[in-house]
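Colleague: Compute the structure for the input listed below.
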Amino acid sequence: MLKMLTFSLTLVRHGETQYNREKLLQGQGVDTPLSETGLQQGEAVGQYLKDIPFNKVFVSNLQRAVQTAELILSNNTHCSGMEMVLEPLLREKGFGVAEGRPKEDLKNMADAAGQSCRDYTPPGGETSDQVKLRFKKFLKVLFKQILDEHCLSGAEASSVTADAADASGNSANDGLHGVSVHALVVSHGAYIRVATRHLVEDLKCALPSGVKMSQLFSPCPNTGISRFILTLSQSELGPVLSAARCVFTNRKDHLENLSNAE
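Modeller: Numbering: from 1, shown residues only. Sure thing, here's the model as predicted:
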């Protein structure tokens, strides 16, 4: 019998840094810590996700992501002592010569090259396809670890399509009904946008009813949360994705009280 396993993948962007606040590009070469606001956002997203028993936590090895993940784990009632896996495959898109410079500079460089900002790659930077390749490599690592660790324990779960109704609220548990394995990924804005596009367009994720594509692919706010429910099958060639569903993207409900306080 084919072994199947359903798990949740929750993606969180790091909290705000001073560079974010000043609209400067960080990419991979600028490794700044969280600002005071970023630390508050990290606490807020940690409180929001505190009751989800994450089995695996993968984090970009840039300090803004690591600090955010530490805040999420320290607030979590199930996994405060859990080891996170620092994963270079989750690092932000590289912006080459534009790193450390205002975002406006990138737009001007793109205009000068006759390209849209999203399609333009500065000298020394990464293309979106190169970022997508990193995410695909990461998914391979993730799928193998999830199946190796949880198929043996019999942590099987219900089909992905059954629970469309449980995504309609704004609860931190949306989409998790009947799912017993949970992975958390803490990464970066441009990276998460590429990852979401791959999951939706290439891997044909089922989408929440009534969602607009522009909403789905909109820029992820600092500590914005996206969630996908994925079902894996074991084949002779390794894990295969047999079903996928997007529950929500770029959620920021946990920040409402913060923005009121500022």
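Colleague: For the helix or strand in which Ser233 is found, name the packing helices and strands.
Modeller: In the assignment (DSSP states H and E), Ser233 maps to strand 225-235. The contact analysis (3 or more CB pairs under 8 Å, 6 or more residues apart in numbering; DSSP states H and E) places strand 225-235 against strand 4-13, helix 128-150, strand 238-251. Using the backbone N, CA and C atoms, a C-beta is placed for each residue, glycine as well.
Colleague: What is the subsequent helix or strand relative to the helix or strand containing Val194?
Modeller: Using DSSP H and E, the element containing Val194 is helix 189-197. Per DSSP H and E, the first helix or strand lying C-terminal to helix 189-197 is helix 213-216.
Colleague: on contacts alone, who are the packing partners of that following helix?
Modeller: strand 238-251.
Colleague: Quick check: phi and psi on Glu43?
Modeller: The phi/psi pair for Glu43 (degrees, to the nearest 10) reads phi -60, psi -40.
Colleague: Assign the closest residue to it other than its chain neighbours to one of the three secondary structure states.
Modeller: Closest residue to Glu43 apart from its sequence neighbours, by CB to CB, 6 or more residues apart in numbering: Leu71 at 5.6 Å. The three-state assignment at Leu71 reads helix, by DSSP: H, G, I helix; E, B strand; the rest coil.
Colleague: Distance of Leu71 relative to His254?
Modeller: Counting by CB to CB, to the nearest Å, the gap from Leu71 to His254 is 12 Å.
Colleague: quick one: which of these two has more around it?
Modeller: Leu71 (24 against 20; other CB atoms under 10 Å).
Colleague: and that one, what is it in contact with?
Modeller: Gly15, Leu39, Gly42, Glu43, Val45, Gly46 (CB atoms under 8 Å, 6 or more residues apart in numbering).
Colleague: between these, which is nearest Gln28?
Modeller: Of all these, Gly15 has the smallest distance to Gln28: 17.8 Å, by CB to CB.
Colleague: related to what we said a few turns ago, okay, the contacts of Leu71 in CSV with pLDDT, neighbour count and secondary structure next?
Modeller: Listed next are the contacts of Leu71 as CSV, based on pLDDT from 0 to 100; neighbours: other CB atoms under 10 Å; DSSP: H, G, I helix; E, B strand; the rest coil:
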residue, pLDDT, neighbour count, secondary structure
Gly15, 98, 29, coil
Leu39, 98, 16, helix
Gly42, 98, 27, helix
Glu43, 97, 19, helix
Val45, 98, 28, helix
Gly46, 97, 22, helix
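Colleague: From the residues you listed, pick the one nearest Gly100.
Modeller: The nearest one, if we look at the contacts of Leu71 relative to Gly100 and count by CB to CB, is Gly15, at 19.4 Å.
Colleague: Test my guess that that closest one contacts Arg64.
Modeller: Yes: taking contacts as CB atoms under 8 Å, Gly15 lies within contact range of Arg64: 7.0 Å.
Colleague: so what sits against both of these two?
Modeller: Common neighbours of Gly15 and Arg64 (CB under 8 Å, 6+ apart) are Leu34, Gly38.
Colleague: can you count the residues close to Gln40?
Modeller: If we define neighbours as other CB under 10 Å, then Gln40 has 20 of them.
Colleague: picking up where we left off before, kindly reformat the contacts of Leu71 as CSV and extend each row with distance to Gly124.
Modeller: Shown next, in CSV, are those (distance: CB to CB, whole Å):
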residue, distance to Gly124
Gly15, 27
Leu39, 31
Gly42, 30
Glu43, 35
Val45, 32
Gly46, 35
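Colleague: Just the buried positions in stretch 80-90, please.
Modeller: The neighbour-count check on stretch 80-90 (16 or more other CB atoms under 10 Å) flags Met82, Met84, Val85, Glu87, Leu89, Leu90 as buried.
Colleague: that older thread, check the spacing between the residue nearest to Glu43 and Gly15 real quick.
Modeller: 8 Å.
Colleague: quick check: mean pLDDT across stretch 232-249?
Modeller: Stretch 232-249 carries an average pLDDT of 92.
Colleague: wait, stretch 182-201
Modeller: pLDDT averaged over stretch 182-201 gives 97.
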